[in-house]
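# Whatever this is, show me its structure:
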Amino acid sequence: MFVRQDLPVEHQAVQSIHAVDQMRCTYGPDDYISNVVFVGVPNTRSLEKVLKKLKDNQIPHYPWHEPDGDMGFTSIATAPLNSEQKSVLCNYRLWKFTPEKQSQGLLGGSVLTPAPVYPVAQRLEQ
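The predicted structure follows:
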């Protein structure tokens, strides 16, 4: 799953869900629960490079273009990947919340305060 991080975080979430939903409708459901890897890319140009890499390597995917507003190409969902396909995409970084970028988002964005992170043992005690 790839999403543009120049969008406000709430739009990143929604756009990702759109892409996954359409990918599942296109390629059909799996007989198992697949792992999800969420990758953030800086902008549309970066997302277009991901799309080219997916096409060049014949990795099944669904590129989502938001039909409402001016967001355009926002995210890509892939079908579950085998180990060879994963290795093609191993250079990408996992999505990371970046509040300093959110205030400058395409649609005005909002800065969210991330929840505090506690060690697992501490969370279980609460």
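# drop to CA atoms for contacts and neighbour counts, all remaining ones
Fine.
# Where is the longest helix in the protein?
helix 9-27 (DSSP state H).
# How far does the helix or strand just after it sit from its chain's centre?
Sequence order places strand 39-41 as the next helix or strand after helix 9-27, per DSSP states H and E. On the basis of Cα atoms, centre = their mean, to the nearest Å, strand 39-41 sits 6 Å off its chain's mean C-alpha point.
# Let me see the mean pLDDT of the helix or strand following strand 39-41.
Using DSSP H and E, the helix or strand that follows strand 39-41 in sequence is helix 44-56. Mean pLDDT, computed over helix 44-56, is 97.
# and if you look at stretch 77-86?
Mean per-residue pLDDT for stretch 77-86: 91.
# ok now that stretch, how far from the chain's centre?
Its chain's C-alpha centre and that of stretch 77-86 lie 14 Å apart, by Cα atoms, centre = their mean.
# swap in stretch 74-85?
Distance of stretch 74-85 from the chain centroid (Cα atoms, centre = their mean) equals 11 Å.
# Equivalent analysis for stretch 89-97, please.
That offset, for stretch 89-97, works out to 9 Å (Cα atoms, centre = their mean).
# Endpoints of it, how far apart?
21 Å (Cα to Cα, to the nearest Å).
# List the buried residues of that stretch.
For stretch 89-97, a neighbour-count test (16 or more other Cα atoms under 10 Å) marks residue 95 as buried.
# now what about it, what contacts it?
By Cα atoms under 8 Å, 6 or more residues apart in numbering, the surrounding residues in contact with stretch 89-97 are 9, 37-41.
# 10 Å instead, please
By Cα atoms under 10 Å, 6 or more residues apart in numbering, the residues outside stretch 89-97 that reach it are 1-5, 9, 37-41, 50, 53-54, 57, 81, 112-114.
# ok so, going back, buried residues, the longest helix of the chain. List them.
Neighbour-count burial for helix 9-27 flags 9, 11-12, 15-20, 22-24 (criterion: 16+ other Cα under 10 Å).
# Check stretch 27-46 too.
39-41, 44.
# isn't residue 54 right next to residue 60, touching?
Yes: with contacts counted by Cα atoms under 10 Å, residue 54 reaches residue 60, the gap being 7.3 Å.
# Perfect, that will be all.
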